[in-house]
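Peer 1: 3D model of this:
(chains A and B)
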There are 2 protein chains.
Amino acid sequence: MRILITGSAGFVGSHLVERFLRDGHTVVGLDNYLSGQRRNTELFLAHPNFRFIEADVSRHLPYDGERLDWVLHFASPASPPHYQQYPIETLMVGAQGTQHALDLASQHGAGFLLASTSEVYGDPLVHPQPESYWGHVNPNGVRSCYDEAKRYAEAITMAYHRDRGVDTRIIRIFNTYGPRMRHDDGRVVTNFIHQALRGEALTIHGDGSQTRSFQFVDDLVEGIVRLMGVRYHEPVNLGNPDEYTIVQFAHLIRDLIDPSLDVTFEAAAQDDPKQRKPDIARARDLLGWTPRVSLIEGLSRTVEDFRADSKVPLLFSTTTSG
Amino acid sequence: MRILITGSAGFVGSHLVERFLRDGHTVVGLDNYLSGQRRNTELFLAHPNFRFIEADVSRHLPYDGERLDWVLHFASPASPPHYQQYPIETLMVGAQGTQHALDLASQHGAGFLLASTSEVYGDPLVHPQPESYWGHVNPNGVRSCYDEAKRYAEAITMAYHRDRGVDTRIIRIFNTYGPRMRHDDGRVVTNFIHQALRGEALTIHGDGSQTRSFQFVDDLVEGIVRLMGVRYHEPVNLGNPDEYTIVQFAHLIRDLIDPSLDVTFEAAAQDDPKQRKPDIARARDLLGWTPRVSLIEGLSRTVEDFRADSKVPLLFSTTTSG
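Peer 2: Alright, predicted model coming up:
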């Protein structure tokens, strides 16, 4: 198959490129490097079945090659520090960006897959969240640039499906981690690994009893590949429902890197994201999918990747713990 | 002042044009006539302070005149039959259309006012709805093309305010009626008047005990004018909280037009909108605003307008009663 991936230089995008190339497909990557990283493109440039287009999909989607089988729309800032730094760009890639990708899929008779997010559930009043839950989102708060952009992206994806017959998929991605995450992602896993590799104490905001669930990126990619094989157009949650406390994350990461490091506690972050936990019954029933990679294995592989990356950037905020 | 109004040929837009011209301002109207009506432009073409641009604001906003003081973004299909007929256009005028209007306001250092809607509350779980309520909206149902477009429009309006300092206003308009409504609007007031003027029985879907609240368009316009005079950037509800049953509406309209007509009952419409009722404390406290026009006065003026309009179109659906 020939697959175009927007946001190919992002964390998840780069793992999709890797998987599809390994499976023998042809991949066209596209990114504008607003939050993607050039080294994630450089990884694949030598591969004969990979081609890259540097472009802002919110402005245009300049692909003029052979017929595409799939368009996967993964372009967007995705961590709170990034999208709050670029609110208008984040809104645009959800609206104009999604529409350009849908138009391209429509022109090619290709399938279209939207990377939506658990953020469409906002600050949920239902736990865990099934896909039928409509969410609880502030339409004009400081996080709305991301949450509402993704809700809009879902709405226009369904409109293209209903009105123009595009063969669409929508996934709602819950917290995901793994190699090639940006070190300044701002979320708890990257913050802890970054601190531990620098020999610093691991900083917990609040008392650390708050829980998080994270899926390893390989599990997410497997779910995406399976969903592409099924004609199902409603949203599908992809996430790991296993919950751990922040203290457990800190101890696991410290013990992997340097058991002598301290774990310290600071005041809770003001913008600390609320708890979300996926209901994955739909993905399990539809795709036979469940997360396979254990937390300790996933963390080991992520730490190894971060360690191998000698150029740990020095300047970023560690004030969010989400 | 010089005021540009998108959707100037729409129902509410045309009343804004009329009010601002009467108040001595210069008005630039803009419409693409997707749901607006040419006769609403023709009403003002002879006025020396009115100018009209026929354009689709989702594509571009070709204004090159003198400095604007305000940009008011009212362009959008607004009744369920219209926006469900044009889902992608409705999504685009909420995203690209709003952004083009915001960019124009930003370039001119003008104020910007967004016509949002009570539909951002969706199928509300809180009654009545204050502006602080986040709503209960299906992000990918058949109505999402309108609801999510307006939520996105609010989000990008706040992003331009926070990020680029645009002097923005957001109003959430609840059900409104009055002269110059489209006869095929599809809502209960227009359906009843249309049926009664044709000498037909007035058709109630369901048992008629469900309630609706409607504000007369002059009240809405007064609230808009007042809000433009106040530097307040959060959303403000504008609606009439007085509730009447559908049976009461039917009887009032029948008695105004022809008391001998029958009122008949049919099965409830499948897409019958849920009840919404505005909490107008914010508008009252901020603007000293409350609705002034009684239902009987407003209906009389609306019936008079519909009666004067000899060209009642024959072909439209009366299946929604919202």
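Peer 1: report how many residues lie close to residue A:204.
Peer 2: 23 (other CB atoms under 10 Å in any protein chain shown). C-beta here means a position set from N, CA and C on the backbone, and glycine is covered the same way.
Peer 1: output the helix or strand in which it is found as CSV - backbone C-alpha positions only.
Peer 2: Following DSSP states H and E, the helix or strand that holds residue A:204 is strand A:202-205. Backbone C-alpha positions of strand A:202-205 (Å, rounded to 0.1, in the frame of the first residue of the first chain) are rendered in CSV as follows:
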residue,chain,number,x,y,z
LEU,A,202,12.6,13.1,40.6
THR,A,203,10.1,15.8,41.3
ILE,A,204,6.5,14.8,42.1
HIS,A,205,3.8,17.5,42.0
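Peer 1: could you look up the SS state of residue A:172?
Peer 2: Assigned with DSSP: H, G, I helix; E, B strand; the rest coil, residue A:172 falls in the strand class.
Peer 1: OK, contacts around it?
Peer 2: By CB atoms under 8 Å, 6 or more residues apart in numbering or on different chains, the contact list for residue A:172 reads A:116, A:117, A:118, A:120, A:121, A:131, A:235, A:236, A:237, A:238, A:239, A:278.
Peer 1: ok, those residues vs residue B:180, which is closest?
Peer 2: Of all the contacts of residue A:172, residue B:180 sits closest to residue A:120, with 37.6 Å by CB to CB.
Peer 1: distance-wise, check the closest one relative to residue B:3.
Peer 2: 36 Å (CB to CB, to the nearest Å).
Peer 1: and stretch A:134-148, how far out from the chain middle?
Peer 2: Centroid displacement of stretch A:134-148 relative to its chain, using CA atoms, centre = their mean, to the nearest Å, is 17 Å.
Peer 1: now that stretch: buried residues?
Peer 2: Of the residues in stretch A:134-148, those scored as buried under the neighbour-count criterion (16 or more other CB atoms under 10 Å in any protein chain shown) are A:134-140, A:143-148.
Peer 1: any idea of the mean pLDDT in that stretch?
Peer 2: Taken as a whole, stretch A:134-148 carries a mean pLDDT of 95.
Peer 1: so it, near chain B or not?
Peer 2: Yes: Stretch A:134-148 reaches chain B (CB under 8 Å from any CB of the partner chain) through A:134-142, A:144-145, A:147-148.
Peer 1: could you point out which of these is nearest to residue B:107?
Peer 2: Taking CB to CB as the measure, residue B:107 sits nearest to residue A:145 out of these, at 21.3 Å.
Peer 1: which SSE is the closest one in?
Peer 2: helix A:144-164.
Peer 1: give me the distance from that helix to the chain's centre.
Peer 2: So, by CA atoms, centre = their mean, the centroid of helix A:144-164 is 17 Å from its chain's centroid.
Peer 1: which elements pack onto that helix?
Peer 2: With contacts taken as 3 or more CB pairs under 8 Å, 6 or more residues apart in numbering or on different chains; DSSP states H and E, helix A:144-164 sits against helix A:80-85, helix A:87-92, helix A:98-108, strand A:111-117, strand A:168-173, helix B:87-92, helix B:144-164.
Peer 1: which one of those lies closest to residue A:301?
Peer 2: Closest approach to residue A:301 among these is made by strand A:168-173 (18.9 Å; CB to CB).
Peer 1: quick one: strands adjacent to that closest one?
Peer 2: Sheet pairing of strand A:168-173 (DSSP bridges) gives strand A:111-117 (parallel), strand A:235-238 (parallel).
Peer 1: turn the ones you listed into CSV, columns for mean neighbour count, mean pLDDT and distance to residue B:295.
Peer 2: Listed next are these as CSV, based on neighbours: other CB atoms under 10 Å in any protein chain shown; pLDDT from 0 to 100; distance: least, CB to CB, whole Å:
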stretch, mean neighbour count, mean pLDDT, distance to residue B:295
strand A:111-117, 25, 98, 43
strand A:235-238, 25, 98, 42
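Peer 1: now render those as TSV, adding distance to residue B:229.
Peer 2: As requested, these are exported to TSV (distance: least, CB to CB, whole Å):
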stretch	distance to residue B:229
strand A:111-117	39
strand A:235-238	43
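Peer 1: mind listing what's buried in stretch A:19-30?
Peer 2: Under 16+ other CB under 10 Å, the buried positions of stretch A:19-30 are A:19, A:20, A:21, A:25, A:26, A:27, A:28, A:29, A:30.
Peer 1: any idea how far it is from the middle of the chain?
Peer 2: Taking mean C-alpha positions (CA atoms, centre = their mean), stretch A:19-30 and its chain are 18 Å apart.
Peer 1: average pLDDT for that stretch, rounded please.
Peer 2: Here the average pLDDT along stretch A:19-30 is 98.
Peer 1: first to last residue in that stretch, what's the distance?
Peer 2: For stretch A:19-30, the separation between the terminal residues is 16 Å (CA to CA, to the nearest Å).
Peer 1: check stretch A:104-119 too.
Peer 2: 26 Å.
Peer 1: please apply the same query to stretch A:89-109.
Peer 2: Terminal residues of stretch A:89-109 are spaced 28 Å apart (CA to CA).
Peer 1: need the residues that contact stretch A:22-35.
Peer 2: Contact partners of stretch A:22-35, identified using CB under 8 Å, 6+ apart, comprise A:1-10, A:13, A:17, A:20-21, A:41, A:44, A:49-57, A:61, A:63, A:65, A:68, A:75-79, A:82, A:86, A:89, A:182, A:225.
Peer 1: and the worst-scoring helix or strand of chain A on mean pLDDT, what other elements does it pack with?
Peer 2: Of all regular secondary-structure elements in chain A, judged by mean pLDDT, DSSP states H and E, the least confident is strand A:211-212 with a mean of 86. Contact here means 3+ CB pairs under 8 Å, 6+ apart; on that basis strand A:211-212 packs against strand A:244-245, helix A:246-257.
Peer 1: change it to 7 Å
Peer 2: strand A:244-245 (3 or more CB pairs under 7 Å, 6 or more residues apart in numbering or on different chains; DSSP states H and E).
Peer 1: quick one: strands adjacent to the strand it packs on?
Peer 2: Using DSSP bridges, the strands paired with strand A:244-245 in its sheet are strand A:211-212 (antiparallel).
Peer 1: show me which residues of the stretch 151-300 of chain A sit near chain B.
Peer 2: Remark: the part of the stretch 151-300 of chain A in contact with chain B comprises A:151, A:152, A:154, A:155, A:156, A:158, A:159, A:163, A:235, using CB under 7 Å from any CB of the partner chain.
Peer 1: sorry, back to before: buried only: go through the contacts of stretch A:22-35 for me.
Peer 2: A:2-10, A:13, A:17, A:20-21, A:41, A:44, A:50-53, A:55-57, A:61, A:63, A:68, A:75-79, A:82, A:86, A:89, A:182.
Peer 1: quick one: which of these sit in helices?
Peer 2: Helix and strand membership here follows DSSP state H; of these, those in helices are A:13, A:17, A:20, A:21, A:41, A:82, A:89.
Peer 1: adding distance to chain B, write the residues you listed out as JSON lines.
Peer 2: Compiled in JSON lines, those are given as follows (distance: CB to the nearest CB, whole Å):
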{"residue": "A:13", "distance to chain B": "23"}
{"residue": "A:17", "distance to chain B": "27"}
{"residue": "A:20", "distance to chain B": "26"}
{"residue": "A:21", "distance to chain B": "31"}
{"residue": "A:41", "distance to chain B": "28"}
{"residue": "A:82", "distance to chain B": "14"}
{"residue": "A:89", "distance to chain B": "10"}
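Peer 1: farthest pair in those residues?
Peer 2: For these, and using CB to CB, no pair is farther apart than A:21 and A:89, which are 28.2 Å apart.
Peer 1: wait, what's in contact with the residue lying closest to residue A:88 once chain neighbours are set aside?
Peer 2: Computed as CB to CB, 6 or more residues apart in numbering or on different chains, the closest residue to residue A:88 that is not its neighbour in sequence is residue B:159, at 5.3 Å. By CB atoms under 7 Å, 6 or more residues apart in numbering or on different chains, the contact list for residue B:159 reads A:87, A:88, A:91, A:145.
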